[in-house]
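1. What would the 3D arrangement of this be:
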Amino acid sequence: MGNGTTVHEFTLEGFPAIQHLGKVLFLVHLLAYLASIAGNVIIIIITCADSRLHTPMYLFLSTYSFLECGVISAVIPKLLVIFLSGKQTISFPACFIQAFVFLFLGAVGFLLIAVMSLDRYVAICKPLHYPTIMNLKTCFLLVTACFTLAFPFITGLVVKVFQLSFCGPHIIPHFFCDLAPLIHLSCSDTRPTEMLTFVLALFVLITSLIITIIAYSNIVVTIIQLPSAKEKQKAFSNCSSHLIVLSLMYGSCVFIYVKPKQMNRLESNREAALVNTVVTPLLNPVIYTLRNKQVHRALRETMCRMKISR
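-> Predicted coordinates:
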């Protein structure tokens, strides 16, 4: 444990103002969790089962669905326990493991979003060069790079917070072990750790956001130049759906992490974190893939094969 640490477990405060609605909230969040897992798992299974979906776009989407399953599974089950049984304690090691899994998979997810934006940019703006640029080998290298880049950053940050001393209050004003409230509870000098958290969050989120904005700006310019009004409407419809989800994700994460004083606005962080752990994982399968006609066809054919095999 960290030097001077006397705290052996933390208490997750959850949502005390509405804790009396525990069973109702348990049911709502359980249904959202199961729907998110089901939607993302369906994407992964269909992508693996249908050879026509063995393309860069669906490789990225299935990887992103895997990350979404990991992120929400790191957080929501404990929240369900809090709602159902009121058991709010979490051990010191388990708390930091939860924080690492959530932040690591989340960071990989944002880097992957930037890669997916570049993939769409090449596909729409440079269609003739797309097969050459975005082959499967390049895709695997890009996905590997996302994991490789995020791992040392998040590991170093979590280890830095782990080494702080925790000798005072042990109540975390959140529904999971995020780094900002953990830093706030430390009795060490947290200014270097707060600044490191701010810089790393700024690097991951803003870099990913800038790449995404540049890619989609070029996509929009290309769409405007399309000759057919029907093609423009279809393309803008898909882009607007994607941008709504991206706005929710980036907006909530920038609000939570990209501020120099991590101890500010911890109360409002909980509501913003719910967007990333409940809302966007539920919307992503619908927005990114399940509205896609090619996926609908693959899903119908897969279900037909399953019926025939029975």
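
2. next one: the longest helix along the chain to chain centre, how far?
-> Secondary structure of the chain per DSSP state H: the longest helix is helix 92-125. In terms of CA atoms, centre = their mean, to the nearest Å, the gap separating the centre of helix 92-125 from the centre of its chain is 6 Å.

3. what's the answer for stretch 137-156, then?
-> On CA atoms, centre = their mean, the centre of stretch 137-156 falls 15 Å from the chain's centre.

4. now stretch 208-228
-> 23 Å.

5. Who are the packing partners of the host helix or strand of Tyr58?
-> Under the criterion of DSSP states H and E, Tyr58 resides in helix 56-85. Helices and strands touching helix 56-85, by 3 or more CB pairs under 8 Å, 6 or more residues apart in numbering; DSSP states H and E, are helix 22-49, helix 92-125, helix 136-162, helix 280-284. C-beta: built from backbone N, CA, C; applies to glycine.

6. Comparing the ones you listed by mean pLDDT, which bottoms out?
-> The weakest mean pLDDT among the helices and strands packed on helix 56-85 belongs to helix 280-284, with a mean of 80.

7. Relative to Ala272, which of the helices and strands packed on helix 56-85 is closest?
-> Using CB to CB as the measure, helix 280-284 is the one of those that comes nearest Ala272, at 11.4 Å.

8. Nearest spatial neighbour of the residue nearest to the spatial centre of the chain, chain-adjacent residues omitted?
-> Centroid check for the chain by CA atoms, centre = their mean gives Gly106 as the closest residue, at 4.3 Å. Closest residue to Gly106 apart from its sequence neighbours, by CB to CB, 6 or more residues apart in numbering: Val71 at 5.7 Å.

9. list the contacts for that neighbour?
-> Residues near Val71 by CB atoms under 8 Å, 6 or more residues apart in numbering: 101-102, 105-106, 109, 276-277, 281.

10. Relative to Pro93, which of the residues you listed is nearest.
-> The closest of the contacts of Val71, once distances to Pro93 are taken by CB to CB, is Val101, at 12.5 Å.

11. For the nearest residue to the closest one once chain neighbours are set aside, give its distance to Val122.
-> Leaving out its chain neighbours, the residue that sits closest to Val101 by CB to CB, 6+ apart is Ala74, at 4.2 Å. Distance of Ala74 to Val122, computed by CB to CB, to the nearest Å: 32 Å.

12. Which of the two has more residues huddled nearby?
-> For Ala74 versus Val122, the count of surrounding residues by other CB atoms under 10 Å is larger for Ala74: 22 against 19.

13. And for Cys239, the neighbour number?
-> 16.

14. Show me the shaky parts of the stretch 151-300 of the chain.
-> 234-238, 240-241, 258-269, 288-294, 296, 299 (pLDDT under 70).

15. Please enumerate the helices of it.
-> 179-185, 191-201, 207-224, 229-257, 266-274, 280-284, 293-309 (DSSP state H, counting those that start in this stretch).

16. Which one, of these, ends up nearest to His170?
-> helix 179-185 (6.9 Å).

17. what's the closest one packed up against?
-> Counting by 3+ CB pairs under 8 Å, 6+ apart, helix 179-185 packs on helix 92-125, helix 136-162, strand 171-172, helix 191-201, helix 266-274.

18. What confidence value was assigned to Ser309?
-> Ser309 is given a pLDDT of 61.

19. rewinding a little: quick one: which of the contacts of Val71 is nearest to Leu200?
-> The nearest one, if we look at these relative to Leu200 and count by CB to CB, is Gly106, at 11.9 Å.

20. show me the residues around the closest one that make contact.
-> 67, 71, 253, 276.

21. before we move on, the earlier item: any chance of the helices and strands packed on helix 56-85 in CSV with distance to Gln233 as columns?
-> Shown next, in CSV, are those (distance: least, CB to CB, whole Å):
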stretch, distance to Gln233
helix 22-49, 25
helix 92-125, 15
helix 136-162, 30
helix 280-284, 21
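
22. The residue nearest to Val101 contacts Gln98, doesn't it?
-> Yes. Here Ala74 reaches Gln98: they are 5.6 Å apart, a contact under CB atoms under 8 Å.

23. can you list residues touching both of those two?
-> With CB under 8 Å, 6+ apart, Ala74 and Gln98 have common neighbours Phe176.

24. check contacts around Val275.
-> Taking CB under 8 Å, 6+ apart as the test, what Val275 contacts is 248-249, 251-252.

25. of the helices and strands packed on helix 56-85, which approaches Leu12 most closely?
-> helix 92-125 (8.6 Å).

26. what is the orientation angle of the closest one with helix 191-201?
-> For helix 92-125 against helix 191-201, the angle by axes from the mean of the first three to the mean of the last three CA atoms, to 10 degrees is 30 degrees.

27. now Gln19, nearest residue through space, not along the chain?
-> Gly86 (7.4 Å).

28. Pull the number of nearby residues for that neighbour.
-> Neighbours around Gly86, by other CB under 10 Å: 10.
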